[in-house]
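Student: how would this look folded up:
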Amino acid sequence: MSIKNYWSQFKAAPADNLMTMQNQRPIWVVMVGAAAFLILSAILYFQLFLAMDPCELCVYIRFSQCCIVIAGLIILIDPKNNILKFLGILLAWYAIIQGWMWSYELMKIHDAAHMVVDETMDFFAAAGDAAGSACSTDPRFPLNLPLDEWLPFEFAPTGGCGEDDWTLLGMNMAHYCMIAYTVFMVCLAPLTFGWVRSLIKK
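Tutor: Model prediction:
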């Protein structure tokens, strides 16, 4: 089936197609693959190739992306199992919302740090509430998981928040993370709707 034909069928009955789609594996494979791509990009490109050490918020964001992968894998066990679907979707929403919030916090710190450099402004005034909430070398993961001890290369913060100068098209990593999480939200929302609708129609 061509993309054009598929889109025509989807437009004819979007709600029914969402119900069908969320019960199939391919869409969840895409979610897992997208989150895994973000994790590997951070580790292989930024951390290894560019030698950019992750900060505390960076490892939190990485943790949230791992949660998205785990959520997708839970659903992939059996996409038609409502218990697994509930656990997976719940974890995915938690990870996406929390990841977006961490990314926003990092963006404020990054922007404030660079304003201090560029305009000699006060960092704490520019960063607001985010100024005193990050950049510890002793991270506190949810459920007190000692991920920095289990997997130090991936989850031990060794850099400072907002120190990097990497940008692409005028945006830094925090901006792109916020965009990525927003895309996850936009994609997961209709799938969640399709699943809830399938429960109501039973």
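Student: Roughly how far does Phe49 sit from Ser41?
Tutor: 10 Å (C-beta to C-beta, to the nearest Å). All C-beta atoms are positioned from the backbone trio N, CA, C, and that covers glycine.
Student: buried set for the host helix or strand of Ala95?
Tutor: In this structure, Ala95 sits in helix 82-119 according to DSSP states H and E. Buried residues in helix 82-119, counted by 16 or more other C-beta atoms under 10 Å: 84-85, 87-89, 91-93, 95-96, 98-100, 102-116.
Student: Kindly report the same for stretch 169-188.
Tutor: Burial within stretch 169-188, assessed by neighbour count using 16+ other C-beta under 10 Å, is assigned to Asn172, Met173, Ala174, His175, Tyr176, Cys177, Met178, Ala180, Tyr181, Phe184, Leu188.
Student: helix or strand for the fourth one, which one?
Tutor: Meaning His175. When elements are assigned from DSSP H and E, His175 belongs to helix 173-201.
Student: now that helix, how far from the chain's geometric center?
Tutor: Helix 173-201 sits 11 Å away from the centroid of its parent chain (C-alpha atoms, centre = their mean, to the nearest Å).
Student: Quick one: mean pLDDT over it.
Tutor: If you average the pLDDT over helix 173-201, you get 91.
Student: Check stretch 44-64 too.
Tutor: On average, stretch 44-64 scores 88.
Student: Just the endpoints, please. Distance across it?
Tutor: Start and end residues of stretch 44-64 are separated by 18 Å (C-alpha to C-alpha, to the nearest Å).
Student: Thanks again, I'm all set now.
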